[in-house]
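Chemist: Task: produce atomic coordinates for the following.
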Amino acid sequence: PLRFPEFADEWKQTTLGEILAFETGYPFPSDSFNGEGNGVRLIKNRDLKTDDRIIYYEGEYDERYIVQNGDILIGMDGDFSPCLWKKGKALLNQRVGRINTNQNASRVFILYVLADSLKEIELKTSSTTVKHLSHKDVEKIKASLPSLAEQQKIAGFLSLIDERIQSCSETIKEIKTLKAGLLSLRVYQADKQYVPLSYFGEMKHGYPFKSTSYDEDGTHRIVTISNVSGARYADMSKCNYLAELPHDIQQHQILSRNDILISLTGNVGRVSFCLADGDLLNQRVGVLSLCDEAYKEYIYQVLSDWRFEMSMVACGQGAAQLNISKSNVEGYLVPYEQSEYQEIGNFFSLLDDRIEIEEALLKQYEMQKKYLLRQMFI
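Modeler: Predicted structure coming up:
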């Protein structure tokens, strides 16, 4: 449905085997591998995603296995996601494939066609250990191809979105790194006074809601804490509402937007602000009731730092999953300087706002790309 206005030709129905050649890597002998940078970099499956452990090959090789920037590579074990190689001259190792297209196909356009198709193959491939991909799987993929000029136009547009996605991701990473460094530099100083968290307020528990009391048509939402996304509504795949409040619910278990929530079980020490006024606090999540609202931003920044979570993990108990108590939380020592805590809290809150904006932009770009791919290739 989505076309650039200058193109009107019908797209050609074909299989990828008609327009590309699939090459597999060579089983280079491991006795010539090294991690000291001697020889030529060797591409393994994991290198398509990360650079945590780079292996080099120091020995003879056939030039047809040389990979250059711009080559399309596919991992043939586990994760089949294709990538456009951008890490310089390297050697194509076994169980990594390379795609070569003919003159009627744009390499970058084919990359986008492959990304969606290979994900579908990966989901359908059953395996008890590691999933495997063959060149026949790739060659049988059905595709609709426009003219080369339109392929290049589409590929250029989608590449711009990918650049935005990468830019947002890098900005988020940089701000988080900056925040962690400044927090150590500004807050955790040797000359700081330390006071227990109980100095700022009291830790109170959530309510043990029963799943049988959930009601899809209710008005009171139940909040828990996710290991990945922070505060979220309980049982989101089903229902997360109560029609009526329990008669014995306490006032502190009815939350306000700025309440600081702390996970007391599982991912202990994970901290988040509440999502909305009137939400209900679920069991095994605690709320920190501050004695002064002015402490809110500062305390949130201190508790969201990795030091607090690691401290809670260290004192957690339980074989199946960790649990921490009210005393564990209230006894945590917080660096505190009366003259500057508000300034520090507000400053780091501004960094959090910037991260939130960039994460929202990133999500929008990813949704836009997903929508466009679906409109063009399905």
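Chemist: what about residue 33, how many neighbours?
Modeler: Using other C-beta atoms under 10 Å, the number of residues around residue 33 comes to 16. Yep, even glycine has a C-beta here, placed from its N, CA and C like the rest.
Chemist: got a list of what it touches?
Modeler: 42, 55, 56, 57 (C-beta atoms under 8 Å, 6 or more residues apart in numbering).
Chemist: ok, the second one to residue 132 distance?
Modeler: Using C-beta to C-beta, to the nearest Å, residue 55 is found at 21 Å from residue 132.
Chemist: Could you check which of those two has the larger neighbour count?
Modeler: A count of neighbours by other C-beta under 10 Å puts residue 55 above the other of residue 55 and residue 132, at 18 against 13.
Chemist: Tell me who's in contact with that one.
Modeler: Listed by C-beta under 8 Å, 6+ apart, the contact set of residue 55 reads 33, 34, 35, 41, 42, 44.
Chemist: so how many other residues sit close to the last one?
Modeler: When you say that, I think you mean residue 44. The burial count for residue 44: 16, using other C-beta under 10 Å.
Chemist: quick one: contacts for the closest residue to it other than its chain neighbours?
Modeler: Nearest residue to residue 44, sequence neighbours excluded (C-beta to C-beta, 6 or more residues apart in numbering): residue 93, at 5.4 Å. By C-beta under 8 Å, 6+ apart, the contact list for residue 93 reads 25, 26, 27, 28, 42, 43, 44.
Chemist: thinking again about what came up before, need the contacts of residue 55 in CSV (columns: pLDDT).
Modeler: Converted to CSV, the contacts of residue 55 look like this (pLDDT from 0 to 100):
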residue, pLDDT
33, 95
34, 95
35, 93
41, 96
42, 95
44, 89
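Chemist: Cross the residues you listed against strands and list the overlap.
Modeler: 33, 34, 41, 42 (DSSP state E).
Chemist: which of those has the most neighbours?
Modeler: Counting neighbours by other C-beta under 10 Å, residue 42 comes out on top of the ones in strands among the contacts of residue 55 with 26 neighbours.
Chemist: for the stretch 1-150 of the chain, what spans make up the strands?
Modeler: Using DSSP state E, counting those that start in this stretch, the strands assigned to the stretch 1-150 of the chain run over residues 12-15, 20-24, 33-34, 40-43, 55-57, 66-67, 72-75, 82-84, 90-92, 96-101, 142-145.
Chemist: Export those to JSON lines and append columns for distance to residue 191.
Modeler: JSON lines is the format used below for the strands of the stretch 1-150 of the chain (distance: least, C-beta to C-beta, whole Å):
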{"stretch": "strand 12-15", "distance to residue 191": "70"}
{"stretch": "strand 20-24", "distance to residue 191": "61"}
{"stretch": "strand 33-34", "distance to residue 191": "47"}
{"stretch": "strand 40-43", "distance to residue 191": "47"}
{"stretch": "strand 55-57", "distance to residue 191": "46"}
{"stretch": "strand 66-67", "distance to residue 191": "54"}
{"stretch": "strand 72-75", "distance to residue 191": "51"}
{"stretch": "strand 82-84", "distance to residue 191": "49"}
{"stretch": "strand 90-92", "distance to residue 191": "50"}
{"stretch": "strand 96-101", "distance to residue 191": "54"}
{"stretch": "strand 142-145", "distance to residue 191": "65"}
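Chemist: still on that earlier bit, just the buried ones from the contacts of residue 93?
Modeler: When burial is judged by neighbour count using 16 or more other C-beta atoms under 10 Å, the buried members of those are 25, 26, 28, 42, 43, 44.
Chemist: Give me the distance between the third one and residue 91.
Modeler: Distance from residue 28 to residue 91, counting by C-beta to C-beta: 7 Å.
Chemist: Which residues are in contact with each of the two?
Modeler: 42, 57, 61.
Chemist: Just name the closest of those residues to residue 159, please.
Modeler: Nearest to residue 159 among those is residue 42, at 27.6 Å by C-beta to C-beta.
Chemist: ok, now how distant is that closest one from residue 133?
Modeler: 20 Å.
Chemist: Kindly report the same for residue 282.
Modeler: In this view, residue 282 and residue 133 are 42 Å apart by C-beta to C-beta.
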